[in-house]
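Peer 1: Okay, sequence plus prediction incoming.
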Amino acid sequence: MAGRLISFRRLRNYPITVAVGMDMAPLHAAYRTLRFSAVAIGSGVSLLVLAVGFLLIRHKRRVLASREVLRHAVENLDQGLVMVDRNGRISLRNSRYVALLDLPPDLSAPGADYAQLVRWLAARGEFDQSGAGKSHLASSAEEGGVRFAERIRPNGTALEIRMRMLSGGGLIGTYTDVTDRRRAQEEIHHLAHHDGLTDLANRTLLEERLTQAMAAAERSGGQLAVLCLDLNRFKPVNDTLGHAAGDELLRQTARRLHGLARASDTVARVGGDEFVLVQTTLSQPGDAAALAERIMVEISLPFDLNGHAVTIDTSIGIALFPHDGHTVEALLKNADTALYRAKEAGRGVTCFFEAEMEERLLERGLLEQDLRAALAKGEFSVSFQPLHNCGTRDVTSFEALLRWENPERGKVSPADFIPVAEECGLILPLGRWMLEQACTVAASWPHPYTVAVNLSPVQFQRGNLPAQVAEVLAQTGLPANQLELEVTEGLLIEDSEGALATMRALKALGVRLALDDFGTGYSSLSYLRRFPFDKLKIDKSFIQAIELDAGARAIVDAILAMGHSLNLRVTAEGVETEEQLAFLLRHDCDEVQGFLLGRPVPAEQLCRSLRKKVGAAMA
Ligand SMILES: Nc1nc2c(ncn2[C@@H]2O[C@@H]3COP(=O)(O)O[C@H]4[C@@H](O)[C@H](n5cnc6c(=O)[nH]c(N)nc65)O[C@@H]4COP(=O)(O)O[C@H]3[C@H]2O)c(=O)[nH]1
């Protein structure tokens, strides 16, 4: 409702009251317009303030949130992280950094002096005192402003450290714990350089160490020795007691060798039962001989293999630097050649390398070649030597002896080629051939004489001998009781358990067993009691000394008495004179064999003379 606004005013000097009236409608309209504008502007400003405030709060929240994310990320890094500003103050670091370096919180807190922290670390032996401060990474590699270093902490932890130097000063360092990786690498390296069974050096490490040792000896003008050794009787132990016992024997041997070597020496296992020892501190060759002697003694002490007491021994070959070779290959090869020579000379022998050994080895190689071809070329034959009753001088049996005649070499003694055939394994087909020949010939004799065949220990150990013998007897038709098998003591020493089982199986076939060359080996009386022998053959060296040596006479007498007391027939080998025969007769020897009564003759010649004899007897 629009009213009017009236204003009254009395004039001071006049009795007049002035009344002014004004229509309110326009006033109201102006007021309403103003009020509306004021309210609108006020609301707009308030809204704006609210919006800005809201945005600011949201922004701040976001900043805080991303800072939290960053802090969380840095805290949860697998690596230790530290940032140092241009003033040398720590501006950021995570707890992994503190934990990895075992840092005190006050020294490593943000704002702390980094140089002081480094000095603290140095004082604790974390790195060289001389390298304290920022230069503690001096030995590290540097690449494009980033320094790398790997550090082993006093507690054994391995740290990989990267330091990025910032252009305006300061640095960012990351610390990674690489202990496990490093251990794995070390393990791989160890496995690649050591023998898995004994943990001794393997051939690779041996060659590395030998190269270093040779260089050191060359610089100092000194010498070194390479001792090559292998274990005698390892194979029988492995075969009879099993591989676990064989492994244990190798481990214990390794420990004994290791115990004898000095810290600068190297002990390696280079093959099944082959070991090499590099002796570095050597003033004269006698030092190597003395070490070899100590090894011999140590290895010959009994081993306890899971309750089994086992005794073995070793042969040793020695090559010296610089005398016997200037390269790793030459030294190892020559020590091996010397070992071969040592083994040839008998068990428990040490040999130093000599130049002519190589020639002999070469010659042996050629002999082996010819020997391999000889069987196919038919160069072998069999001769038979008679054995006689000592009193009546009647022939009782024949010993089959292998003969080899080569077009270039002529007649080769079995004493020379049998050991080579044994070593290269040819004795197996050759022994089988010999057995077949001897039995075939004996089966054709007009009189049922016994035939004696020599067997090598290798045939005992590797061939299925009882089955082979049974097969040959069946093939040739020779009665089992007409076959006598001669073995030497070496076999019994090498593998007495295995030999005993084979001998019993052979006896079960009905064949007879003789112990050959008695007196030349260990001649243990226990063998005679333990093994099922029928006969004992006294070695010819004793028989041939009868006339000259009272000691030999006493030994022959004692062997005869002992053999008889054990119910064994006794044969004397190598009887060449009537005096020897008379002595043997006086001492009740059963049988003799020797040039005096009959030399070995080829099979055909023997067959002819036997037939002639039978013909003459029938005529
Ligand atoms: N000085 C002298 N020697 C005599 C006399 N009587 C016989 N001998 C020789 O003494 C050796 C006897 O054979 P052994 O002791 O078994 O010794 C044999 C035997 O161990 C081995 N051998 C021979 N044939 C074979 C074979 O077929 N297989 C195996 N594994 N070894 C064999 O070779 C060794 C040597 O054989 P051989 O040279 O044939 O030598 C034979 C024989 O010819 C004598 O009065 N004086």
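Peer 2: Yep, that arrived.

Peer 1: Send over stretch 194-207 as PDB, restricted to the C-alpha atoms.
Peer 2: Listed in PDB are the C-alpha atoms of stretch 194-207, where the atom choice follows Å, rounded to 0.1, in the frame of the first residue of the first chain:
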ATOM      1  CA  HIS A 194      85.400 -77.300  -5.900                       C
ATOM      2  CA  ASP A 195      84.800 -81.000  -6.000                       C
ATOM      3  CA  GLY A 196      81.200 -81.600  -4.700                       C
ATOM      4  CA  LEU A 197      82.100 -84.800  -2.800                       C
ATOM      5  CA  THR A 198      85.200 -83.800  -0.900                       C
ATOM      6  CA  ASP A 199      85.100 -80.000  -1.200                       C
ATOM      7  CA  LEU A 200      88.700 -80.000  -2.400                       C
ATOM      8  CA  ALA A 201      89.700 -77.800  -5.300                       C
ATOM      9  CA  ASN A 202      88.700 -79.200  -8.700                       C
ATOM     10  CA  ARG A 203      90.800 -79.300 -11.800                       C
ATOM     11  CA  THR A 204      89.800 -75.700 -12.800                       C
ATOM     12  CA  LEU A 205      90.900 -74.200  -9.500                       C
ATOM     13  CA  LEU A 206      93.900 -76.500  -9.400                       C
ATOM     14  CA  GLU A 207      95.000 -75.100 -12.700                       C
END
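
Peer 1: what's in contact with it?
Peer 2: 192-193, 209, 247, 250-251, 253-254, 257-258, 266-270, 275-276, 278, 328 (CB atoms under 8 Å, 6 or more residues apart in numbering). C-beta: built from backbone N, CA, C; applies to glycine.

Peer 1: Repeat that for stretch 150-165.
Peer 2: By CB under 8 Å, 6+ apart, stretch 150-165 touches 100-102, 124-127, 137, 140, 145-149, 171-179, 181-182.

Peer 1: just the buried members of the contacts of stretch 194-207?
Peer 2: Those of the contacts of stretch 194-207 that meet the buried threshold are 193, 209, 250-251, 253-254, 257, 266-270, 275-276, 278, 328, by 16 or more other CB atoms under 10 Å.

Peer 1: So which of the residues you listed are in helices?
Peer 2: Residues of the buried ones among the contacts of stretch 194-207 located in helices (DSSP state H): His193, Arg209, Leu250, Arg251, Thr253, Ala254, Leu257, Val328.

Peer 1: What residues sit buried inside stretch 567-574?
Peer 2: Along stretch 567-574, the positions that meet the burial threshold by neighbour count (16+ other CB under 10 Å) are Leu568, Arg569, Val570, Thr571, Ala572, Glu573, Gly574.

Peer 1: and these near the ligand, which?
Peer 2: On the criterion CB under 6 Å from any ligand atom, Glu573, Gly574 are the entries of the buried residues of stretch 567-574 that sit beside the ligand.

Peer 1: show me where the stretch 151-300 of the chain has helices.
Peer 2: Taking DSSP state H, counting those that start in this stretch as the test, the helices found in the stretch 151-300 of the chain are 179-193, 203-220, 234-241, 243-260, 285-300.

Peer 1: residues in contact with the shortest one?
Peer 2: With contacts defined as CB under 8 Å, 6+ apart, helix 234-241 is touched by 245-246, 249-250, 272-273, 305-306, 308, 310, 312, 461, 494-495, 497-498.

Peer 1: The ligand: which of the residues you listed is nearest?
Peer 2: For the contacts of helix 234-241, the residue nearest the ligand by CB to the nearest ligand atom is Gln461; the value is 12.8 Å.

Peer 1: which residues are contacting the helix or strand where the closest one lies?
Peer 2: Here Gln461 sits within helix 457-462, counting by DSSP states H and E. Helix 457-462 has contacts (CB under 8 Å, 6+ apart) with 235-236, 239, 422, 425, 427-428, 431, 465, 487-488, 490-491, 494-495, 498-499, 502.

Peer 1: about what we covered before: check the buried ones among the contacts of stretch 194-207 and tell me the two furthest apart.
Peer 2: Spatial extent of these (CB to CB) is set by the pair Arg251 and Val328 at 26.3 Å.

Peer 1: Now do the longest helix seen in the chain: which elements does it pack against?
Peer 2: Assignment by DSSP H gives helix 24-75 as the longest helix of the chain. The elements that helix 24-75 packs onto, with contact taken as 3 or more CB pairs under 8 Å, 6 or more residues apart in numbering; DSSP states H and E, are strand 4-10.

Peer 1: Strand partners (parallel or antiparallel) of the strand it packs on?
Peer 2: The strands that strand 4-10 pairs with in its sheet are strand 17-23 (antiparallel) (by DSSP bridges).

Peer 1: buried set for the strand it pairs with?
Peer 2: Applying a neighbour-count criterion of 16+ other CB under 10 Å, one finds nothing buried in strand 17-23.

Peer 1: Now tell me what touches it from outside.
Peer 2: Everything outside strand 17-23 that qualifies as a contact, by CB under 8 Å, 6+ apart, is Ala2, Arg4, Leu5, Ile6, Ser7, Phe8, Arg9, Arg10, Leu11.

Peer 1: between those residues, which is nearest the ligand?
Peer 2: The closest of those to the ligand turns out to be Ala2 (CB to the nearest ligand atom; 151.9 Å).

Peer 1: how about Ser444, what does it touch?
Peer 2: Contact analysis of Ser444 by CB under 8 Å, 6+ apart lists Cys607.

Peer 1: domain ranges for the chain?
Peer 2: Listed domain ranges for the chain are 4-72, 80-182, 198-353, 378-618 (source: automatic domain parsing).

Peer 1: Let me have the ones you listed in TSV, adding mean pLDDT as columns.
Peer 2: Putting the domains of the chain into TSV (pLDDT from 0 to 100) gives the following:
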stretch	mean pLDDT
domain 4-72	83
domain 80-182	84
domain 198-353	94
domain 378-618	92
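
Peer 1: With distance to Ile188 added, can I get those domains in TSV?
Peer 2: Output for the domains of the chain, formatted as TSV (distance: least, CB to CB, whole Å):
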stretch	distance to Ile188
domain 4-72	37
domain 80-182	11
domain 198-353	13
domain 378-618	38
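
Peer 1: just how off-centre is the helix holding Gln461 within its chain?
Peer 2: Averaged C-alpha coordinates place helix 457-462 at 27 Å from its chain's average position (CA atoms, centre = their mean, to the nearest Å).

Peer 1: Likewise for stretch 89-105?
Peer 2: The chain centroid and the centroid of stretch 89-105 are separated by 46 Å, computed with CA atoms, centre = their mean.

Peer 1: same question, stretch 339-357
Peer 2: Taking the mean of its C-alpha atoms, stretch 339-357 sits 24 Å from the chain's own mean (CA atoms, centre = their mean).

Peer 1: Could you do stretch 83-96 as well?
Peer 2: Averaged C-alpha coordinates place stretch 83-96 at 52 Å from its chain's average position (CA atoms, centre = their mean).

Peer 1: Going by neighbour count, list what's buried in it.
Peer 2: With burial defined by 16+ other CB under 10 Å, the residues of stretch 83-96 counted as buried are Met83, Val84, Asp85, Gly88, Ile90, Arg93, Asn94, Ser95, Arg96.

Peer 1: burial count for the nearest residue to Glu298 once chain neighbours are set aside?
Peer 2: The shortest distance from Glu298 to any residue that is not its chain neighbour, by CB to CB, 6 or more residues apart in numbering, is 4.8 Å, and that residue is Arg256. Other residues lying near Arg256 total 16 when counted by other CB atoms under 10 Å.

Peer 1: for Leu291, same thing?
Peer 2: Quick note: Leu291 (other CB under 10 Å) scores 22 neighbours.

Peer 1: shouldn't it be in contact with Gln279?
Peer 2: Yes. At 5.7 Å, Leu291 counts as touching Gln279 under the criterion of CB atoms under 8 Å.
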